[in-house]
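Novice: what's the 3D shape of this:
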Amino acid sequence: MTRADLSATPAPLASLTAATARRIAVALQCAATLAVAGAAHHWAGWSWPAAATLAGVALVFGYLVSVGWAFLVSLKSTASPIPDDPAWDRVPVPHEQRIGAAGFMVCWLRECLSVAWMFNVLQPFRAHATFDVPAGDTKRVPVLMIHGYGCNRAVWLPMQKHLAAAGHPTEAIDLMPLLGDIDDYARDIAAAVVRLTRAHGRPPVLLCHSMGGLAARAALRRSEMSPVAHVITLGTPHRGTAMARTGRSRNVRQMAWASPWLRQLAASETLTARARITSIFSWHDSIVGPAGASWLDGARHVSFAGIGHVSLLCDARVRAAVLAELNRIDGIPLTPSA
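Specialist: Now for the predicted structure:
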């Protein structure tokens, strides 16, 4: 899918920010919860405490169902293989990475909590929160953090404080418009790379979640793009995702499983470029699927089991993997485990 394959009309709701969209969603959730409580009290004759309890249960149940549905689509979809290019086929989950029913339940519940925290608290109300100042002499490699689809910089708040504590200067950008073309995000990424390079005297690492990894790859193929030290992606749909098959916005269509846009992006990259990418992902991602959708031939891979898509942003194991990659990029030897 090239730019010529997409409509030239402006992206819908071009001025809508993720923070505003999330605040609207929170307001609608609150209104629906109050409506359930009011209906139980006035129409069914329940006491207010009982009605409030029912409304709270309905809200939690809604989260469980919505996240569970995402897991079902992601993990059970067989996707559409590309007959003339088997490299885009589904990647089987390694036996040692498989989880049982109990492991899936834990993964599901943790993802529900992560979604509620990220989408109902951080993104709508902490979008302009100040990042922690890096510890030490700030000579560690700077990090530019790039969020995923429909999100904003606030998703990085749990991760950023640990990067700062390790001495990494950080910056995060908001990709706009929310429903725009992934290629169009290159301008803001390039400008941020220049700022960080000038401020710290060395190119930054791009730390990207989900669609942000595709935006980084698309930006790096531009001739005017400044060099970067490395690209680390978390749950990026390098092969696409079955969840995007019914999407209507430009960026969602570009992320569809083995889309023409993704194949054109892959064809434009050299082996040298791929070697400077580390894909950190979960075999049980609740959005990017089927399994192995984050696999990128020629890149370095760090895989986990039992972590949902949003949970990648706040999981301690993923955070340790990111810090280990940054140490490797900085040439700091790994500390032997006890």
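
Novice: what about the helices in the stretch 101-250 of the chain?
Specialist: For the stretch 101-250 of the chain, the helices defined by DSSP state H, counting those that start in this stretch cover 101-117, 123-125, 157-165, 186-200, 211-220, 250-254.

Novice: just the CA trace of the third one, in CSV.
Specialist: Once non-C-alpha atoms are left out, helix 157-165 reads as follows in CSV (Å, rounded to 0.1, in the frame of the first residue of the first chain):
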residue,chain,number,x,y,z
LEU,A,157,5.5,7.6,32.2
PRO,A,158,6.0,4.2,33.9
MET,A,159,9.0,3.4,31.7
GLN,A,160,10.6,6.9,31.6
LYS,A,161,11.4,7.1,35.3
HIS,A,162,13.5,4.0,35.1
LEU,A,163,15.3,5.2,32.0
ALA,A,164,16.0,8.5,33.8
ALA,A,165,17.2,6.7,36.9
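
Novice: tilt between that helix and helix 101-117?
Specialist: 90 degrees (axes from the mean of the first three to the mean of the last three CA atoms, to 10 degrees).

Novice: helices or strands next to helix 157-165 in the packing?
Specialist: Applying 3 or more CB pairs under 8 Å, 6 or more residues apart in numbering; DSSP states H and E, we find helix 157-165 packed against strand 143-146, strand 170-173, helix 316-329. (Glycine included, C-beta is placed from N, CA and C.)

Novice: so who does Arg110 touch?
Specialist: Ile307, Gly308, Ser311 (CB atoms under 8 Å, 6 or more residues apart in numbering).

Novice: kindly provide the distance from it to Thr278.
Specialist: Separation of Arg110 from Thr278 (CB to CB, to the nearest Å): 23 Å.

Novice: now do Cys151
Specialist: Computed with CB to CB, the distance linking Cys151 and Thr278 is 21 Å.

Novice: quick one: which of these two has more around it?
Specialist: Cys151 (28 against 23; other CB atoms under 10 Å).

Novice: what residues are up against that one?
Specialist: Ala18, Met118, Gln123, His209, Ser210.

Novice: and Cys208, what are its bridge partners?
Specialist: Ile146, Thr233 (DSSP bridges).

Novice: any idea how far the one helix or strand Ala266 maps to is from the chain center?
Specialist: Ala266 is located in helix 260-267, with elements delineated by DSSP states H and E. Mean-position distance between helix 260-267 and its chain equals 20 Å (CA atoms, centre = their mean, to the nearest Å).

Novice: how about stretch 256-271?
Specialist: The answer for stretch 256-271 is 19 Å, by CA atoms, centre = their mean.

Novice: and stretch 273-293, by the same measure?
Specialist: That offset, for stretch 273-293, works out to 11 Å (CA atoms, centre = their mean).

Novice: what of stretch 175-183?
Specialist: 14 Å.

Novice: give the buried residues for that stretch.
Specialist: Buried positions in stretch 175-183, judged by neighbour count with 16 or more other CB atoms under 10 Å: Leu175, Met176, Pro177, Leu178, Leu179, Gly180, Asp181, Ile182, Asp183.

Novice: low-confidence stretches in the stretch 151-300 of the chain?
Specialist: Nowhere does the stretch 151-300 of the chain drop to pLDDT under 70.
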